[in-house]
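Undergrad: coordinates only, sequence not included:
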């Protein structure tokens, strides 16, 4: 005798076009605020100084643009950022996002697993080309288009331990030398947009040679400010 089975009911939240348009407008505003922060050298220096006091491997691997997105949103909400992860990432670490918490929106390549929000908001978010962040490395360095989307992360202060957590939490090791990790990540981002970092007494950016000259020792504020200036230039 055949046994009837019930189809599993989907818990994924669906969104109307109006919801999607509202989310897109909100994300546009968040990115504009971050761009404004990156356009202020003093704010960039303060942000990098704050970042250098943290040991979160997640935060220290984010692009300068994503760091600005996170810090700007957190400051607007009165949140002190110390460590961030996605909704799923925190659960793997034995922590859950508290009900009612609103995450911090960042940029991620399209196709990345998107179960990021406590209410599934990122799973239904429309993907779109929102920035060009890479170069082809050929010819005159024409930009290679890449598709990105906004996803949601949460600070550890927005989470709590999961009772009766099964298994061993996967906790990433803290970074021993944050300043070194930040410097390496900034250099990677210069490379990605086709610029080489050099040291010298005459600091500045040479667009013809595609070089950025900073003081000896490559001070983090100078590196970050030079990168921020390149990232916020108006498109040709």
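TA: Thanks, I have it. Everything numeric here is computed off the predicted structure, so don't read it as measured data.
Undergrad: Out of the helices and strands in the protein, which is least certain?
TA: One helix or strand of the chain scores below all others by mean pLDDT, DSSP states H and E: strand 134-135, with a mean of 44.
Undergrad: Would you map the strands across this structure?
TA: Assigned by DSSP state E, the chain shows strands spanning 84-85, 95-97, 104-109, 134-135, 143-144, 148-155, 159-161, 196-199, 204-206, 211-214.
Undergrad: mean pLDDT lowest for which of these?
TA: Mean pLDDT values for the strands of the chain show the minimum at strand 134-135, a mean of 44.
Undergrad: residue contacts, the residue minimising distance to the centre of the chain?
TA: In the chain, the residue lying closest to the centroid (CA atoms, centre = their mean) is residue 66, at 3.0 Å. By CB atoms under 8 Å, 6 or more residues apart in numbering, the residues touching residue 66 are 106, 107. C-beta: built from backbone N, CA, C; applies to glycine.
Undergrad: Give me the buried stretch members for the lengthiest helix in the chain, please.
TA: For the chain, the helix that runs over the most residues, judged by DSSP state H, is helix 17-38. Using 16 or more other CB atoms under 10 Å as the burial criterion, the residues of helix 17-38 that qualify are 23, 27, 30, 31, 33, 34, 35, 37, 38.
Undergrad: do you know how far residue 107 is from residue 223?
TA: According to CB to CB, to the nearest Å, residue 107 and residue 223 sit 20 Å apart.
Undergrad: returning to that earlier point: farthest-separated two in the buried residues of helix 17-38?
TA: Spatially, the most separated pair among the buried residues of helix 17-38 is 23 and 38, at 22.6 Å (CB to CB).
Undergrad: out of residue 107 and residue 223, which sits in the more crowded spot?
TA: Applying other CB atoms under 10 Å to residue 107 and residue 223 shows that residue 223 carries more neighbours, namely 24 against 20.
Undergrad: Would you confirm that that one contacts residue 217?
TA: No. The pair residue 223 / residue 217 is not scored as a contact, 10.3 Å apart, by CB atoms under 8 Å.
Undergrad: tell me the phi and psi of residue 195?
TA: Phi and psi for residue 195, reported as degrees, to the nearest 10, are phi -120, psi 150.
Undergrad: May I ask you to confirm that it is in contact with residue 210?
TA: Yes. Between residue 195 and residue 210 there is a contact at 5.1 Å, judged by CB under 8 Å.
Undergrad: and the two? which has more neighbours close in?
TA: Ranked by neighbour count (other CB under 10 Å), residue 195 and residue 210 place residue 195 first, with 22 against 15.
Undergrad: Identify the residues contacting that one.
TA: Shown in contact with residue 195 (CB under 8 Å, 6+ apart): 205, 210, 211, 212, 230.
Undergrad: and of those residues, the nearest to residue 83?
TA: Of all the contacts of residue 195, residue 83 sits closest to residue 230, with 28.0 Å by CB to CB.
Undergrad: which stretches of this protein have low pLDDT?
TA: Counting by pLDDT under 70, the low-confidence segments of the chain come to 1-13, 111-146, 236.
Undergrad: Tell me where it has helices.
TA: Counting by DSSP H, the chain has helices at residues 17-38, 41-51, 57-61, 64-77, 87-92, 178-192, 220-231.
Undergrad: Include distance to residue 101 when you put those into CSV, please.
TA: Shown next, in CSV, are the helices of the chain (distance: least, CB to CB, whole Å):
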stretch, distance to residue 101
helix 17-38, 16
helix 41-51, 22
helix 57-61, 17
helix 64-77, 10
helix 87-92, 10
helix 178-192, 26
helix 220-231, 29
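Undergrad: Out of those helices, which gets nearest to residue 168?
TA: Closest approach to residue 168 among the helices of the chain is made by helix 87-92 (10.1 Å; CB to CB).
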